[in-house]
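S.K.: Got a predicted model here, sequence first, then my questions.
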Amino acid sequence: MDKQITLEIFRYNPDEAPEPGFQSYEVPLNKDWVILDALNYIKDQMDGTLSYRWSCRMGVCGSCGMMVNDKPVLTCATFLEKFAPGPIRIEPLENFPVVRDLIIDMSDFLTKLQKVKPWIIREEEGSLEEEYLQTPSQLADYKPYSMCINCMLCYAACPVYGLEPDFVGPAALALAQRYNMDNRDQGNQQRMEALSDDHGMWQCTFVGDCSAVCPKNVDPAGAIQRYKVEGAGHWWKSLLLPWGKDK
Amino acid sequence: MIQQDVTISRFYKRKMPILWWTKRRSHIRFIVRELTSLPVAYFAVVLLFLIRALSQGPEAYAAYLATMRLPAMILLHLIAFAGLIFHSITWFNLAPKAMVIKVGKNRVPDTMIILANYLGWIVVSVVIAWFFIS
């Protein structure tokens, strides 16, 4: 008989029980299976009531993030075999409310994402005919931060977000930097005002786990520390220079 | 709106345990790094006491030195010094995350920034040591 591995899956269905529990499933330990393949096998062959999000299966859409043995990962990019002989414990992403089984409520993240204005801001809209040129070096300044796929693994890894739910969080701050460092953008000042309050960059204590779990090497921790340096400079300028406030 | 509130109250919320930081090695390291900022502050206070003793004259300075020579004090300072070293090393190693310096089109490598920090530390320490010895 083929090798099997046990998955201990977090189950929550408020219609049936007010408290969650764990349910175990034995699945084939196929060499080329990722965790998501095993979940799809369970859903198709064993228990159709299991609920979870997924879409692209190739680490692009960012919807299949879950806690696997206490670590936030994309389940489409994590092989089953890595955890042999098991068991593997699968839970919904940490720090988010659970809607059902492995599905979390992401509305808080979406609200925070809007707060950082993740789009190119221009003081005046230029002509649509005009090109906004960018050199490869200018592109390189922000490109790593633009790789974010909004998978929220960094929020699940961030203990500050767990303890202080008002914290705007790693991905949103990294995305703010993605636009701040874009030479076509002029919205730095607007974002600075929104993100230097009590729930912005200063709440980050630099645990660094956000960068460790990021599947796209965005390095949110680095982005936030750079933002803090800039924020501190901004504060000194507004304190020391009479015209600093307008700049 | 009422319907929405009912839905949200059905969401299951997990709470972080007080000992959350004991679960992961990286978190333990983080907490130790944060706590070792206390020895850094402590040594700053010890330095202030030294300056106060110096300003009060030779007797006060002798009393200060006598206190510092107590075995309990030496032990305390050895422990605090270990904490200070840990804090400094972890801090310098994190510095490149916040310090992104570009020379022309190229970013200065992380190791160079870390080395520059250590170099600064050594230079300042040597200057202070020279000041006390001479």
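M.R.: Structure's in. What do you need?

S.K.: Return the residues of chain A in contact with chain B.
M.R.: Contact residues (CB under 8 Å from any CB of the partner chain) of chain A with chain B: A:12, A:14, A:19-20, A:70, A:94-95, A:97-99, A:105, A:137, A:159, A:162-163, A:205-209, A:212, A:219, A:221-222, A:225-226, A:228-229. (C-beta placed from N, C-alpha, C; glycine too.)

S.K.: List buried members of those residues by neighbour count.
M.R.: With burial judged by 16 or more other CB atoms under 10 Å in any protein chain shown, the buried subset of the residues of chain A next to chain B is A:12, A:14, A:20, A:94-95, A:97-99, A:105, A:159, A:162, A:206-209, A:212, A:219, A:221-222, A:225-226, A:228.

S.K.: Could you tell me which ranges of chain A sit under the pLDDT cut-off?
M.R.: Across chain A, the ranges flagged by pLDDT under 70 are A:1, A:243-247.

S.K.: Distance of the residue most central in space within chain A relative to residue B:50?
M.R.: Nearest residue to the geometric centre of chain A (CA atoms, centre = their mean): residue A:152, 2.4 Å. Taking CB to CB, to the nearest Å as the measure, residue A:152 falls 51 Å from residue B:50.

S.K.: pull the CA atoms of stretch B:124-134 into CSV?
M.R.: Extracted in CSV, the C-alpha atoms of stretch B:124-134 (Å, rounded to 0.1, in the frame of the first residue of the first chain):
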residue,chain,number,x,y,z
VAL,B,124,34.8,55.3,19.5
SER,B,125,35.8,52.6,22.1
VAL,B,126,39.5,53.2,21.3
VAL,B,127,39.2,57.0,21.6
ILE,B,128,37.4,56.6,25.0
ALA,B,129,40.0,54.0,26.2
TRP,B,130,42.8,56.3,25.2
PHE,B,131,41.2,59.2,27.0
PHE,B,132,41.1,57.2,30.3
ILE,B,133,44.5,55.7,30.0
SER,B,134,46.4,58.8,29.2
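
S.K.: what distance separates it from the centre of its chain?
M.R.: Centroid separation between stretch B:124-134 and its chain, computed with CA atoms, centre = their mean, to the nearest Å, is 22 Å.

S.K.: helix/strand/coil for residue A:167?
M.R.: coil (DSSP: H, G, I helix; E, B strand; the rest coil).

S.K.: Contacts only, for the residue nearest to it when sequence neighbours are not counted.
M.R.: In space, and not counting its chain neighbours, residue A:167 is closest to residue A:203: 4.5 Å by CB to CB, 6 or more residues apart in numbering or on different chains. By CB atoms under 8 Å, 6 or more residues apart in numbering or on different chains, the contact set of residue A:203 is A:160, A:164, A:166, A:167, A:168.

S.K.: circling back to that earlier point, is it true that the residue nearest to the centre of chain A touches residue A:96?
M.R.: Yes: the pair residue A:152 / residue A:96 is scored as a contact, 7.3 Å apart, by CB atoms under 8 Å.

S.K.: and the helix or strand containing residue B:119, is it in reach of chain A?
M.R.: According to DSSP states H and E, residue B:119 maps onto helix B:110-133. No: against chain A, helix B:110-133 shows no contacts by CB under 8 Å from any CB, the least distance being 10.0 Å.

S.K.: how distant is that helix from the center of its chain?
M.R.: With CA atoms, centre = their mean as the basis, helix B:110-133 stands 16 Å off its chain's centre.

S.K.: got the buried residues for that helix?
M.R.: Residues B:113, B:114, B:116, B:117 are the ones in helix B:110-133 that count as buried (16+ other CB under 10 Å).

S.K.: Could you give the average pLDDT over that helix?
M.R.: For helix B:110-133, mean pLDDT rounds to 91.

S.K.: Tell me which other helices or strands that helix touches.
M.R.: helix B:71-98 (3 or more CB pairs under 8 Å, 6 or more residues apart in numbering or on different chains; DSSP states H and E).

S.K.: out of everything not next to it in sequence, what's closest to residue A:208?
M.R.: Residue A:208 sits nearest to residue A:221 (CB to CB, 6+ apart), 4.7 Å away.

S.K.: for the one you found, what are its contacts?
M.R.: A:170, A:204, A:206, A:207, A:208, A:209, A:210, A:211, B:97.
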